[in-house]
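A.B. asks: Only the shape, not the letters, is given here:
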């Protein structure tokens, strides 16, 4: 689950970037930008999950995302709570797919949560339970 601290950090990074390159706004939220950023962010969190579980990172990690609004995976724009993304990843062997419900905010930052991804926690290589980084993650679209 996303902690308030993670959301604040994401928003703080967005505010810092706004002084230079800009973080974007609701009109910057497009399917193409969501596709690219969600795939990149998911790949980063997949690597974190693999490391936490003690797995060697995949040499070549193929991740793609197809995002749209209102349950339709078609071209969409703007902030809203009705975005969905289907992410396809192939870390090892056969590709896997996961569906994410996405809330895209007017700041062009988003929170993606997967109702069908699995547990909110995972067991690390050391046997501890930690938050599953792929269950829910945050990101901000480039401006």
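C.D. replies: Ah, there it is. Small disclaimer: the values here were computed from a predicted structure and weren't measured.
A.B. asks: For the rest of this, base every contact and every neighbour count on C-alpha atoms.
C.D. replies: OK.
A.B. asks: and after the helix or strand that contains residue 112, which helix or strand comes next?
C.D. replies: Taking DSSP states H and E as the definition, one finds residue 112 inside strand 109-113. Heading C-terminal from strand 109-113, the first helix or strand you meet, by DSSP H and E, is strand 121-123.
A.B. asks: quick one: contacts of that next one?
C.D. replies: Contacts with strand 121-123, where a contact means Cα atoms under 8 Å, 6 or more residues apart in numbering, come from 52, 53, 129, 130, 131, 132.
A.B. asks: And it, how far out from the chain middle?
C.D. replies: Offset of strand 121-123 from its chain centre (Cα atoms, centre = their mean, to the nearest Å): 18 Å.
A.B. asks: Pull up the pairing partners for the following helix or strand past it, direction included.
C.D. replies: Taking DSSP H and E as the definition, the helix or strand that follows strand 121-123 towards the C-terminus is strand 129-131. Paired neighbours of strand 129-131 in the sheet (DSSP bridges): strand 121-123 (antiparallel).
A.B. asks: So for the strand it pairs with, what gets flagged as buried?
C.D. replies: residue 122 (16 or more other Cα atoms under 10 Å).
A.B. asks: Stretch 28-37 too?
C.D. replies: 28, 29, 30, 31, 33, 34, 35, 36, 37.
A.B. asks: With pLDDT, secondary structure and distance to residue 98 added, can I get those residues in a markdown table?
C.D. replies: Shown next, in a markdown table, are the buried residues of stretch 28-37 (pLDDT from 0 to 100; DSSP: H, G, I helix; E, B strand; the rest coil; distance: Cα to Cα, whole Å):
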| residue | pLDDT | secondary structure | distance to residue 98 |
| --- | --- | --- | --- |
| 28 | 84 | helix | 25 |
| 29 | 92 | coil | 21 |
| 30 | 93 | strand | 20 |
| 31 | 92 | helix | 17 |
| 33 | 95 | helix | 19 |
| 34 | 96 | helix | 15 |
| 35 | 96 | helix | 14 |
| 36 | 96 | helix | 16 |
| 37 | 97 | helix | 16 |
